[in-house]
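Peer 1: Provided below for reference: sequence and predicted model.
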Amino acid sequence: MSAAEDEADVGRVLAGNAGAFEGIVRRWQRPLVNLAYRFCQDRGRAEEMAQEAFLRAYRSLGQWRKEAIFSTWLFALATKLFCSELRRVPARTVSLADVAEPKDPGAMDGGFEDADRDRAVRQSVLALPARYREAIILFYFHEMDVATAAQSLGLPEGTVKARLSRGREILRNKLSSLLGAPAEEEMLVRKGVP
């Protein structure tokens, strides 16, 4: 449904009705802000980056070739912008060695509290080198398939697969030392990391 609405709104904008872009913004504002937030972990900065992505999309609407659905084109444009912005002004990150251990290592069930595990996973992902972090964020947290993530990053699918594999390996090693093997495996499965 939104693909047809997107195409219709783009057509109206290109025909001179700038107000039609509002429909695109309404449909995609939350997903773009969420994507930006996963990259920078700062809500205000994420909103600014999403706004810039919409501005660039508006200026570039004529370049959409309709080879992919509009949202794929929009997310590819936004991802490139977010990555470029973070290279220019990096998000505050910590090294994998500095990721804090979860607060409650002896919860009633013998494992870690969910919030502590989630925090450890998020911090570990943010501590990954950018090339692995970007692939992990798009694939696991934004639920893009490999082809879409590759298109968003402007990379071959094989490169994205390799970065996902290496990123998972780094995360498994770090999380197994933080959470222990059983908890680490459960957490990775819950977050979708095979």
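Peer 2: Perfect, I can see it now. Being a predicted model, the structure only gives us computed values, none of them experimental. Numbers count the residues shown, from 1 in each chain.
Peer 1: please tell me how far residue 115 sits from residue 77.
Peer 2: 34 Å (CB to CB, to the nearest Å). To be clear about C-beta, it is placed using only N, CA and C from the backbone, and glycine gets the same treatment.
Peer 1: comparing these two, which residue is more hemmed in?
Peer 2: Applying other CB atoms under 10 Å to residue 115 and residue 77 shows that residue 77 carries more neighbours, namely 19 against 11.
Peer 1: outside of the helix or strand containing the more buried one, which residues touch it?
Peer 2: For residue 77, the element it lies in under DSSP states H and E is helix 70-88. Residues from elsewhere that reach helix 70-88 (CB atoms under 8 Å, 6 or more residues apart in numbering): 2-3, 6-7, 10, 24, 28, 31-32, 35-36, 39-40, 49-50, 52-53, 56-57, 60, 64-65, 130, 134, 138, 144, 148, 151-154.
Peer 1: any idea how far it is from the chain center?
Peer 2: Centroid displacement of helix 70-88 relative to its chain, using CA atoms, centre = their mean, to the nearest Å, is 10 Å.
Peer 1: before we move on, the earlier item: so how do I select the buried members of the contacts of helix 70-88 in ChimeraX?
Peer 2: ChimeraX command restricting the contacts of helix 70-88 to the buried ones, with burial defined by 16 or more other CB atoms under 10 Å:
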select :6,10,24,28,32,35,36,39,40,49,50,52,53,57,64,134,138,144,148,151,152,153
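Peer 1: restricted to strands, list the contacts of helix 70-88.
Peer 2: Members of these lying in strands (criterion: DSSP state E): none.
Peer 1: re earlier: may I see the buried residues of the helix holding residue 77?
Peer 2: 70-79, 81-83, 85-86.
Peer 1: which one of those residues is nearest to residue 15?
Peer 2: residue 70 (15.8 Å; CB to CB).
Peer 1: and the closest one, what's its pLDDT?
Peer 2: Looking at residue 70, its pLDDT is 93.
Peer 1: now the top helix by length along the chain, how far from the centre of its chain.
Peer 2: If you go by DSSP state H, the chain has its longest helix at helix 157-179. Centre-to-centre, helix 157-179 and its host chain are 15 Å apart (CA atoms, centre = their mean).
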